[in-house]
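1. this one's structure only:
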């Protein structure tokens, strides 16, 4: 009998892949943009309520590690990460609840190098994605996502 790892190779093949369960869906996109109207209202309309605080985008570094380590996390960098710093700021003062550590979920906590500046963060992300080291390997990423 095959173990879980052998079954994964049998089902998904042994070539590297990025998304086991398909591409990002509209609910995940809305959850990334929930701090800005009309996306706040659309998210509530779609789900019937706000999401559980522990599932919300609240910290970039923890999201990075979830995506990096788990094949079950389908979160991606939607294009707005590169040009819409408002998605990281709770300027509408929505109450999203408290996470499992009892912290209020509010503005997205950015990596330390971003110095709590969403505009700077978006600018640096654009610089990273336009860097020749990244663009040289873009075809590998495309192959991993689209096969």
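-> In hand now; what should we look at? Given the structure is predicted, the values throughout are model-derived calculations rather than measurements.
2. any low-confidence regions in the chain?
-> Where the chain drops to pLDDT under 70, the residues are 1-24, 68, 70-74, 144-147.
3. and if we set it to 90?
-> Residues of the chain that meet the criterion pLDDT under 90 lie in 1-31, 46-47, 50-52, 54-57, 60-79, 128-130, 133-147.
4. Where is the longest helix in it?
-> helix 118-130 (DSSP state H).
5. Residue 142 versus residue 90, what's the distance?
-> Residue 90 sits 34 Å away from residue 142, going by CB to CB, to the nearest Å. (Glycine included, C-beta is placed from N, CA and C.)
6. And residue 31, by the same measure?
-> As judged by CB to CB, residue 31 and residue 142 stand 25 Å apart.
7. Show me which of these two is the more surrounded one.
-> Relative neighbour count places residue 31 above the other of residue 31 and residue 142, with 19 against 11, counting by other CB atoms under 10 Å.
8. Please, which helix or strand holds the residue nearest to residue 55 when sequence neighbours are not counted?
-> Once its chain neighbours are removed from consideration, residue 55 has its nearest residue in residue 31; the separation is 7.5 Å (CB to CB, 6 or more residues apart in numbering). When elements are defined using DSSP states H and E, residue 31 is found to belong to helix 26-32.
9. Contacts made by that helix with the rest, please.
-> For helix 26-32, the surrounding residues in contact (CB atoms under 8 Å, 6 or more residues apart in numbering) are 39, 42-43, 46-47, 51, 55-57, 74-76, 78, 80-81, 87.
10. Now, those residues that are in helices?
-> 39, 42, 43, 46, 47.
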